[in-house]
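Student: predicted model, plus sequence, below.
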Amino acid sequence: MIQLITGAVGSVAFGMLFHMKSKYLPLAGAGGFLSWLVFLIGKTIWGSVFLPTLLAGFITDLYAEILARICKETSTSFFVTSVIPLIPGSTLYYCMNSIMEGNTMQALAYGRDTFLFAFGIAAGMSIGWAICYFFRTVKSK
């Protein structure tokens, strides 16, 4: 539960840093909570890093797209603040630390996880964006 709350608080803090309208800060917090919740559930199911991150990125993008339509704002501001808990800062730090210590095998393991986190976020976002774009195109015709 502490992880979920800190994910929400971190998303709100980044919303404030990016000068998000104060009335949308609770939505950013809910998005951070949601993205980390989906990741944790996926991690217990699959155990790896890529699929939970892909699912969390996808759900977060759908959340941002829905909020963009409701609030008549861009989806980017909602997505960026909501995806903050998924950013692989710790694995990147440990990868660089292992490189500095000369521990190549550990650096490769952390580097792989960092890449899988980043690729999962990007792939999930792309899939969500493509689906929303498809539905917008169909709706306009």
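Tutor: Ah, there it is.
Student: which one is the most centrally placed residue in the chain nearest to, not counting chain neighbours?
Tutor: Centroid-nearest residue in the chain: V83, 2.7 Å away (criterion: CA atoms, centre = their mean). Closest residue to V83 apart from its sequence neighbours, by CB to CB, 6 or more residues apart in numbering: T60 at 5.2 Å. (Each C-beta comes from the backbone N, C-alpha and C, glycine too.)
Student: do the same with F117
Tutor: P88 (3.6 Å).
Student: ok, now how distant is the one you found from T53?
Tutor: Per CB to CB, to the nearest Å, P88 is found 8 Å from T53.
Student: quick check: neighbours shared by those two?
Tutor: The contact sets of P88 and T53 overlap at F117 (CB atoms under 8 Å, 6 or more residues apart in numbering).
Student: what about these two, which has more around it?
Tutor: Between P88 and T53, counted using other CB atoms under 10 Å, the more crowded position is T53 (28 against 20).
Student: check which helices and strands the host helix or strand of the more buried one sits against.
Tutor: Assigned by DSSP states H and E, T53 belongs to helix 50-71. Judged by 3 or more CB pairs under 8 Å, 6 or more residues apart in numbering; DSSP states H and E, helix 50-71 is in contact with helix 25-46, helix 75-82, helix 104-140.
Student: wait, which of these is closest to H19?
Tutor: With CB to CB as the criterion, H19 lies closest to helix 75-82 of the helices and strands packed on helix 50-71, at 9.4 Å.
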